[in-house]
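Student: I'll drop the sequence and a predicted model, then ask my questions.
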Amino acid sequence: MAVKGTDIVKKLPESGKKNCKECGFPTCFAFAMKLASGGATLDKCPYLAPNVKEELEDALAPAIKLVTIGPDGNALQVGNEEVIYRHEKTYFHPTGVALLISDKEDDAKVDQKIAKIKDLQFDVVGLTLKADLLALQYESGDKAKFEALVKKVCQNWDGGLVIISDDLDVLFSARDICADRKPLLYPITKDNIEKAIPRIKERPTPLGVRASSVEELVPLTTRLKEEKLDELVLDPGSSNLMEVIRDQTFIRRSAIKQSFRPLGYPTIGFPCYIAKDGLKEVLTAAAMVIKYTSIVVLSDFEEYTLRPLLTLRLNIYTDPRMPLSVEEKLYEVGEPDKNAPVLITTNWALTYFIVSAEVESSKVPSFLLVKDAEGLGVLTAWAAGKFTGDSIAPFVKRSGVEDKTNTRTLVIPGKVARIKGELEDALPGWEIVVGPREASEIPGFLPGFAAKLKS
Amino acid sequence: MDYKAPVESYSGSVREVTIGQGSKAVKIGGESKLAYNFFDEGSIPNPPRFALEVRDTEPDNWAPWVLEPYKDVVSDPVKWAQKCVEYGAEMVCLRLASTDPVGKDASPKEAAEAVKKVADAVSVPLIVYGSGDDKKDAEVLPEVAATCSGQNLLLGPALKENYEVIAKAAQEHGHTVIAQTPLDINLMKELNIKLSKTFPPERVVIDPLSSGLGYGMEYSFTIMERTKHTGVMFKDAMTQMPIIADLAEECWKTKEAKASKEQGILWESMTALSLLLAGANIVVLRHPETLGLVREILKQE
Ligand code: SF4
């Protein structure tokens, strides 16, 4: 897969023995090693012959090309993945979600969709989840109408675009309206590729390449690469979910395991064409997110379809190497005062994130004691003897919570109601209150509880 | 360079496990490739199975839209289970919520009799989950095993604290066992090793815990995917058991699922879809519409 420094050095000037140091490295060999690890770029060596430079560039390129769609500052980047399964490392560039607008839809519908992509945003644990692209489809047969749509969208939306048109003339005239945004032009096919190439080269933007199978993509991407067009996104033409799984898996395996360059690009999938019904469409999109697809195009979405889809994307693209536990200490949610509630939970990262998010959303500034339970959830921690009265009491003492607040009431998770007695024995001076069983019930519980504390 | 479809072959396979008895028997697992990789070499003799969940007490705290399909039957586990079969469930998953020591704390005998009634009344195999309290389950599940002797229930959860007594009863009375460990492949293997000293591994189904979408689903996804990898790719005998994804409760308790019917169904559907793609052999669901949707979407045309 990745090219080795020892192979690169042979290609450097005088077979890597020039050692003139102009690249900033003491030897060609040091430079080669740095290149291989991604810590240096080829342009630092002024003595590379153009053909050697090209060859090395190719060898050093990532297995899957990074493609950028959209204007600077608001662009979507897809590709540059390094693994097939997320547990092998992580996935890097989350699937872009695109909303389709056809020029056959009436003005009201178009306005509504533009408003939707802007308004439907969800905040979760410090992140904002939102859709990424608008995909504009030429269907009306009226070029002027489509151009008007592209203009309107450009005025009202500052994100990236996909331009979809089987009519090349329309495709490129739309491109000319928004070329500065680096739209993805779709589809380039075996039937239009030769006609399209000179037009593309006028103002190159990313290209969506469509074929009727994975194999048939190969000559197309090879041809485009010859023309130095390599900002490509692949559509193998899958017509149902099972074909999607097969085609996406084959593309990913070819790129990663076989370093097969002609398929080393991100991909696009169209739940909007494969499934018409809203819920099935979004489930198809969900399966595509899991199965390696870099961009999914939806015919429409609502809050109740977009939220689960974006949550799924967040889950799948979360780095599995992240530690599963957080530090044991006293956390402050908001700015708790001397009478603020004190809650306790365990240090499994997920438990911590969920509990702190729920405390936050209940808008009651609070102290949250997070007890080291070796990264276990509340119930498992208790079962493992790591969240018991005897082990919690000393932690409460050393956490310093007693200096920060006058509150001497501790809320324990409802799931471990049974430790109330032993904890009261172990922690004289404190009253123990059994809180909700589920974190989701905290916002219902905390405001009333805090009011009682203050009174 | 020519393209050659990167078809893969695998050296291992998942054990085939039978649940239920006689005309009710259903096979799960047995696959010699990764889930939904129908294009690779090997076979998937048994499709994943869809179970619907029943409780032995009336549920509290359920969102109205997930209670609605069962509103006439929630006080009667037998009718409730039959309703699940009508809705297309290939298995029924009976949860003995009544036995929870912090709840009703029903006796093992009471619970076992209720299980027997349900098992006798439905035409599909029965999965039985205790309350999850290891001490109580150690009393309840053996009683269930004895009362339903010979029915080959899928019984659990057997935990590292109580697997011995549960496995012994299951062995004596011809049942299959759910071995449960918390989101950790090494703990899973450890428990399977211990279990298989006295209990046949072809009668074990593993439950690595299923978290809901947005609440740690990715951990479950990856544990399941890795379990299949080590089993099917690397032939690790202690990860070659079929997987049960008991996900309904974890989905429906979220505020997102409680926000609206559509979102609730999608929350459950997306979790199920993800875990099926990761390799789950049984999914335990709650809403019949989830079952219909996920089954339809994963249909192999
Ligand atoms: S500039 Fe080029 S030739 Fe000189 S040391 Fe660096 S790699 Fe070698």
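Tutor: All right, it came through fine. For clarity, every value in this text was computed on a predicted model and none was experimentally measured.

Student: can you pull out the strands in chain B?
Tutor: Applying DSSP state E to chain B gives strands spanning B:16-19, B:26-29, B:49-55, B:91-95, B:126-129, B:154-158, B:176-180, B:204-207, B:244-246, B:282-285.

Student: With mean neighbour count and distance to chain A added, can I get those in CSV?
Tutor: Where you see a C-beta, it was placed from the backbone N, CA and C, and this is true even at glycine. Below are the strands of chain B laid out as CSV (neighbours: other C-beta atoms under 10 Å in any protein chain shown; distance: least, C-beta to the nearest C-beta, whole Å):
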stretch, mean neighbour count, distance to chain A
strand B:16-19, 21, 23
strand B:26-29, 22, 20
strand B:49-55, 25, 15
strand B:91-95, 26, 16
strand B:126-129, 27, 15
strand B:154-158, 27, 12
strand B:176-180, 25, 10
strand B:204-207, 26, 13
strand B:244-246, 28, 14
strand B:282-285, 28, 14
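
Student: And residue 262, what's its pLDDT?
Tutor: Let's take chain A. pLDDT recorded at A:P262 is 96.

Student: look at chain B instead
Tutor: Confidence score, pLDDT, at B:E262: 97.

Student: Hmm, A:Y304 and it touching each other?
Tutor: Yes - using C-beta atoms under 8 Å as the test, B:E262 is close enough to A:Y304 to be in contact (4.4 Å).

Student: which one of the strands of chain B lies closest to B:K235?
Tutor: Comparing the strands of chain B against B:K235 with C-beta to C-beta, the closest turns out to be strand B:26-29 (14.9 Å).

Student: ok, and what's touching that closest one?
Tutor: B:14-20, B:45-46, B:48-49, B:90-91, B:124-125, B:205, B:241-242, B:281-282 (C-beta atoms under 8 Å, 6 or more residues apart in numbering or on different chains).

Student: one more time with 7 Å
Tutor: Under the criterion C-beta atoms under 7 Å, 6 or more residues apart in numbering or on different chains, residues B:14-20, B:46, B:49, B:90-91, B:125, B:242, B:281-282 lie in contact with strand B:26-29.

Student: And for stretch A:211-228?
Tutor: Residues outside stretch A:211-228 that contact it (C-beta under 7 Å, 6+ apart) are A:188-190, A:193, A:197, A:201, A:207, A:209, A:230, A:232, A:234, A:236-237, A:247, A:250-251, A:262-263, A:265, B:3.

Student: which stretches of the stretch 351-455 of chain A have low pLDDT?
Tutor: Within the stretch 351-455 of chain A, no range satisfies pLDDT under 70.

Student: where's the residue lying closest to B:P157 once chain neighbours are set aside relative to the ligand, distance?
Tutor: Of all residues not flanking B:P157 in the chain, B:Q180 sits nearest, at 3.5 Å (C-beta to C-beta, 6 or more residues apart in numbering or on different chains). Distance, B:Q180 to the ligand, using C-beta to the nearest ligand atom, to the nearest Å: 57 Å.

Student: Same list as before, the strands of chain B that is, but in TSV and with mean pLDDT included.
Tutor: Output for the strands of chain B, formatted as TSV (pLDDT from 0 to 100):
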stretch	mean pLDDT
strand B:16-19	98
strand B:26-29	98
strand B:49-55	98
strand B:91-95	98
strand B:126-129	98
strand B:154-158	97
strand B:176-180	97
strand B:204-207	98
strand B:244-246	98
strand B:282-285	98
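
Student: Mind putting those strands into CSV with distance to A:M33?
Tutor: Output for the strands of chain B, formatted as CSV (distance: least, C-beta to C-beta, whole Å):
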stretch, distance to A:M33
strand B:16-19, 51
strand B:26-29, 47
strand B:49-55, 53
strand B:91-95, 56
strand B:126-129, 55
strand B:154-158, 51
strand B:176-180, 48
strand B:204-207, 44
strand B:244-246, 46
strand B:282-285, 49
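
Student: helix, strand or coil for A:V78?
Tutor: For A:V78, the secondary-structure state derived from DSSP: H, G, I helix; E, B strand; the rest coil is strand.

Student: Please list the residues of chain B that sit near chain A.
Tutor: Applying C-beta under 7 Å from any C-beta of the partner chain, we find that chain B lies next to chain A at B:1, B:3, B:5-6, B:36-39, B:102, B:134, B:182, B:213-218, B:222, B:225-226, B:253-256, B:260, B:262-263, B:266-267, B:269-270, B:273-274, B:277, B:293, B:296-297, B:300-301.

Student: buried subset of these?
Tutor: Neighbour-count burial within these applies to B:3, B:6, B:36-37, B:39, B:134, B:182, B:213-218, B:222, B:225-226, B:253-254, B:256, B:260, B:262-263, B:266-267, B:269-270, B:273-274, B:277, B:293, B:297; the criterion is 16 or more other C-beta atoms under 10 Å in any protein chain shown.

Student: Contact partners for A:F445?
Tutor: Each residue near A:F445 by C-beta under 7 Å, 6+ apart is listed here: A:G435, A:P436.

Student: how distant is the helix or strand it falls within from the center of its chain?
Tutor: Applying DSSP states H and E as the criterion places A:F445 in helix A:442-454. Its chain's C-alpha centre and that of helix A:442-454 lie 36 Å apart, by C-alpha atoms, centre = their mean, to the nearest Å.

Student: With only the CA atoms kept, save it in CSV.
Tutor: Only the C-alpha atoms of helix A:442-454 are listed here, as CSV (Å, rounded to 0.1, in the frame of the first residue of the first chain):
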residue,chain,number,x,y,z
ILE,A,442,-32.4,14.5,34.0
PRO,A,443,-34.0,17.6,32.4
GLY,A,444,-37.3,16.6,33.9
PHE,A,445,-35.7,16.1,37.3
LEU,A,446,-33.1,18.6,37.8
PRO,A,447,-34.9,22.0,37.8
GLY,A,448,-37.4,20.9,40.4
PHE,A,449,-34.7,19.3,42.5
ALA,A,450,-32.5,22.5,42.3
ALA,A,451,-35.4,24.6,43.4
LYS,A,452,-35.9,22.4,46.4
LEU,A,453,-32.2,22.7,47.3
LYS,A,454,-32.3,26.4,47.3
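
Student: Can you point out the buried residues in that helix?
Tutor: Going by 16+ other C-beta under 10 Å, helix A:442-454 has these buried residues: A:I442, A:P443, A:F445, A:L446, A:F449, A:A450, A:L453.

Student: Surely A:T345 is in a strand?
Tutor: Yes - under three-state DSSP, A:T345 sits within a strand.

Student: That one and A:V370 touch, don't they?
Tutor: Yes - the pair A:T345 and A:V370 passes the contact test of C-beta atoms under 7 Å, sitting 6.1 Å apart.

Student: for chain B, what are the low-confidence residue spans?
Tutor: By pLDDT under 70, the low-scoring segments of chain B are B:1, B:300-301.

Student: and the spatially most central residue of it, bridged to which residues?
Tutor: Closest to where the C-alpha atoms of chain B average out (C-alpha atoms, centre = their mean) is B:I244, at 3.4 Å. Applying DSSP bridges to B:I244 gives these bridge partners: B:I282.

Student: Enumerate every residue touching it.
Tutor: Counted by C-beta under 7 Å, 6+ apart, B:I244 has contacts B:I178, B:V205, B:D207, B:N281, B:I282, B:V284.
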